[in-house]
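Participant: Build me a structure from this.
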Amino acid sequence: MTPLATSAMVWVFILIPLLVVWTIGLVDIFRRDLPRGRKAAWILVVLLLPVVGTIVYFVLRKPTEAEIKRAQQAGADRGRDWPTGLRG
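Facilitator: The predicted structure is shown next:
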């Protein structure tokens, strides 16, 4: 495999997905209702340690009440979508 092809594969399969996840993490931090100091600390961590900081943020992040309600509603809706003959 040529170096150019290897470089393109690295960009497409590693760097672009990491950039997308990192951007989603930053947007989530900015949109989330956090105290100013905590928000500034997370932004600093994610900017200084992009990969590790973003992973740690998503692992330690607690869902909001709205997210919990949405997930519960989606689970309830999913149960209603099943045909009655398949329910056990």
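
Participant: so where does P63 fall, helix or strand?
Facilitator: Following DSSP states H and E, there is no helix or strand that holds P63.

Participant: Flag the shaky bits of the protein, pLDDT-wise.
Facilitator: Scanning the chain for pLDDT under 70 picks out 80-88.

Participant: which stretches of it form helices?
Facilitator: Assigned by DSSP state H, the chain shows helices spanning 3-10, 16-31, 36-48, 50-60, 65-81.

Participant: Just want the angle from the fourth one to helix 16-31.
Facilitator: Here helix 50-60 runs at an angle of 50 degrees relative to helix 16-31 (axes from the mean of the first three to the mean of the last three C-alpha atoms, to 10 degrees).

Participant: Roughly how far does P17 sit from A71?
Facilitator: P17 sits 24 Å away from A71, going by C-beta to C-beta, to the nearest Å. In short, each C-beta sits where N, CA and C put it, glycine included.
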